[in-house]
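**Student:** have a look at this prediction, sequence included:
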Amino acid sequence: MMYWFYSLGLGAILVGGLPVFVAQAILRGKYRRGLPERLGRMPAWAGPVPPVWLHAVSVGEVMAATPLAHELAERRPDLPLLVSTVTDTGRNVAEQRLPAKQFVFFPVDFGWAVESALDRLRPRIVLLTETEIWPNFLRACGARGIPVVLINGRISPRSYPRYRRVRRLFARVLQGIRLFCMQTPEDAARVLDLGAPAERVHVVGNLKFDLAVTGDPQDGSAVRQMLGLPPSLPILVAGSTHRGEEAPVLGAFQAVRRAVPDLTLLLAPRHPERLAEVEGLLERGGLAWVRRSRLPASPAAPVILVDTMGELARLYAAGTVVYVGGSLVPIGGHNVLEPAAYARPVLFGPHMGNFAEMARFFLEQGAGIQVHDTDGLAAVILRLLQEPAAADRMGEAGRTIVDTHRGAGRRTVDLLEALL
């Protein structure tokens with residue numbers, strides 16, 4: 001009965017959101033790609049060996065899963081990998097980065113759609129990233145004896161109270177997960193409180209620490225050369241910014257340029273469909289800009305607007321100072337490890353709920369500075385530009401955090417071995 005009501009509610013949400021869905025499909029082309037796959041009608045798995053099915057909803061989850069996918073492929077080359085995503089951008093990045101034999105879009109969580117997908121793909125095991133907990137999908141996997149594992153699992157402080165309101169029902173859903181590989185002790189405590197069986201819950205660390213270990217501080221010169229920028233140019237990188245965040249970043253940038261006239265901004269909105277909106281802000285602010293995809297053929301401008309996918313992690317290497325977005329607005333923050341891997345000083349706002357442990361590490365170890373508004377951001381950027389030794393100390397502290405905490409991919413695969 002619980003699943004019937006859940007499916008009914010999910011249907012009501014989809015029907016209610018249909019006008020938005022249609023508008024997005026027509027105006028922006030979203031969701032049209034792979035529509036049959038989203039309804040469970042994906043190409044059948046053709047390999048002789050059932051695949052390991054790895055699901056990562058979008059770009060961030062795909063990037064986080066990358067070290068695990070390569071670790072698994074190296075240790076078990078006999079097991080083919082199949083990857084699903086929800087977003088188009090996630091699919092594009094997955095196809096570039098993950099060693100999979102087949103890529104599909106994840107089915108909507110109706111019984112008929114997930115049954116069709118499982119019939120066609122015949123996975124031996126399913127790996128769900130972070131908080132991708134879908135009741136009908138888990139139930140269908142359980143009925144077929146397909147083990148499901150939550151990798152890089154987390155229960156954010158923001159979502160935890162909502163789950164607790166339906167804890168009795170949620171506990172039933174969690175029984176469908178064979179193994180919980182959680183990021184932190186706090187995440188493990190939350191999932192245990194929500195009803196996960198204690199013997200299935202393990203703390204392995206955050207896969208994103210592994211993702212960051214490839215960074216080399218010397219990569220900055222190569223990235224600047226790729227962009228056609230001088231090696232000594234002061235550069236502020238603002239990555240994964242959201243609506244309501246570009247305005248204070250641009251305000252801080254303009255304020256600092258009064259003291260450092262050659263400061264250049266690499267601005268990377270989180271969602272590429274907002275590029276035109278951000279260009280409007282730049283135009284109204286009287287700032288010249290150029291899109292990243294036009295470099296180095298076009299001359300550089302004070303603002304470089306990043307319109308390429310899957311490149312931000314490396315672009316951080318070009319920064320003198322880095323601001324990580326989603327944190328001056330109540331989004332929950334984004335990954336501070338990527339710039340830290342290149343020993344770059346990291347700034348972020350007060351809204352870091354999705355990366356609370358990382359933010360705490362960075363603040364405690366002097367690897368990051370939290371800012372609260374335009375003036376605060378401008379003041380810290382200017383100080384770090386004027387005190388390069390302090391910026392270097394911050395960057396090295398961040399790099400030390402990354403090096404100390406890596407290994408989650410290896411620990412996760414160690415646990416998976418018993419189920420493979």
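**Tutor:** Thanks, I have it.

**Student:** only C-alpha atoms from now on, for both contacts and neighbour counts.
**Tutor:** Fine.

**Student:** separation between the closest residue to residue 357 other than its chain neighbours and residue 354?
**Tutor:** Leaving out its chain neighbours, the residue that sits closest to residue 357 by C-alpha to C-alpha, 6 or more residues apart in numbering is residue 184, at 7.9 Å. From residue 184 over to residue 354 the distance is 12 Å, taken as C-alpha to C-alpha, to the nearest Å.

**Student:** and for residue 182?
**Tutor:** Note on residue 182: its distance to residue 354, by C-alpha to C-alpha, is 14 Å.

**Student:** between these two, which has more neighbouring residues?
**Tutor:** Ranked by neighbour count (other C-alpha atoms under 10 Å), residue 182 and residue 354 place residue 182 first, with 27 against 21.

**Student:** contacts only, for that one.
**Tutor:** Contacts for residue 182 (C-alpha atoms under 8 Å, 6 or more residues apart in numbering) come out as 150, 151, 152, 153, 154, 188, 201, 202, 203, 204, 205, 206.

**Student:** state the pLDDT value of it.
**Tutor:** With respect to pLDDT, residue 182 scores 96.

**Student:** likewise residue 92?
**Tutor:** Residue 92 carries a pLDDT value of 92.

**Student:** would you mind measuring from it to residue 211?
**Tutor:** According to C-alpha to C-alpha, residue 92 and residue 211 sit 18 Å apart.

**Student:** hmm, back to that, okay, and the common contacts of residue 182 and residue 354?
**Tutor:** Contact with both residue 182 and residue 354 is made by no residue, according to C-alpha under 8 Å, 6+ apart.

**Student:** in the stretch 1-150 of the chain, which spans are strands?
**Tutor:** Remark: strands assigned in the stretch 1-150 of the chain by DSSP state E, counting those that start in this stretch are 52-55, 81-85, 102-105, 125-129, 148-153.

**Student:** pLDDT below threshold where in the stretch 151-300 of the chain?
**Tutor:** Applying pLDDT under 70 to the stretch 151-300 of the chain flags the ranges 212-217.

**Student:** quick one: the helices in it, in order.
**Tutor:** Here the stretch 151-300 of the chain has its helices, by DSSP state H, counting those that start in this stretch, at 160-165, 167-174, 185-193, 207-211, 219-227, 246-257, 275-284.

**Student:** pick the most buried one from these.
**Tutor:** Among those, ranked by average contacts under mean count of other C-alpha atoms under 10 Å, first place goes to helix 207-211 (a mean of 26).

**Student:** hang on, residue 394 is in a strand, isn't it?
**Tutor:** No. Secondary structure of residue 394 (DSSP: H, G, I helix; E, B strand; the rest coil): helix, not part of a strand.

**Student:** looks like it contacts residue 367 (just checking).
**Tutor:** Yes. Counting by C-alpha atoms under 8 Å, residue 394 touches residue 367, with 4.4 Å between them.

**Student:** comparing these two, which residue is more hemmed in?
**Tutor:** More crowded of residue 394 and residue 367, by other C-alpha under 10 Å: residue 367, with 28 against 25.

**Student:** give me the buried positions along stretch 142-156.
**Tutor:** For stretch 142-156, the neighbour count (16 or more other C-alpha atoms under 10 Å) marks 142, 146, 147, 148, 149, 150, 151, 152, 153, 154, 155, 156 as buried.

**Student:** report the two of those separated the most.
**Tutor:** Largest separation among these by C-alpha to C-alpha: 146 and 156, giving 26.8 Å.

**Student:** can you put the contacts of residue 182 in CSV and add distance to residue 61?
**Tutor:** Formatted as CSV, those follow (distance: C-alpha to C-alpha, whole Å):
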residue, distance to residue 61
150, 12
151, 10
152, 9
153, 11
154, 12
188, 19
201, 20
202, 19
203, 18
204, 16
205, 15
206, 11
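
**Student:** just the closest of these to residue 38, please.
**Tutor:** Nearest to residue 38 among those, with distances taken as C-alpha to C-alpha, is residue 150, at 21.0 Å.

**Student:** hmm, back to that, I'd like the strands of the stretch 1-150 of the chain laid out as TSV, including distance to residue 117.
**Tutor:** Listed next are the strands of the stretch 1-150 of the chain as TSV, based on distance: least, C-alpha to C-alpha, whole Å:
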stretch	distance to residue 117
strand 52-55	11
strand 81-85	11
strand 102-105	10
strand 125-129	12
strand 148-153	15
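
**Student:** between the ones you listed, which gets nearest to residue 265?
**Tutor:** strand 81-85 (31.2 Å).

**Student:** return the list of helices and strands in contact with the closest one.
**Tutor:** Packing contacts for strand 81-85, counted by 3 or more C-alpha pairs under 8 Å, 6 or more residues apart in numbering; DSSP states H and E, involve strand 52-55, helix 88-97, strand 102-105.

**Student:** so which of these is the most packed in?
**Tutor:** For those, the highest mean count by mean count of other C-alpha under 10 Å goes to strand 52-55, at a mean of 24.

**Student:** so what's the gap between that one and the chain middle?
**Tutor:** Distance of strand 52-55 from its chain centroid, counting by C-alpha atoms, centre = their mean, to the nearest Å, is 17 Å.

**Student:** over to stretch 283-298?
**Tutor:** With C-alpha atoms, centre = their mean, you get 26 Å for stretch 283-298.

**Student:** between the two ends of it, how far is it?
**Tutor:** 18 Å.

**Student:** got the contact list for it?
**Tutor:** Contact partners of stretch 283-298, identified using C-alpha under 8 Å, 6+ apart, comprise 226-228, 282, 300-308.

**Student:** and for residue 297, the neighbour number?
**Tutor:** Using other C-alpha under 10 Å, residue 297 has 9 neighbouring residues.
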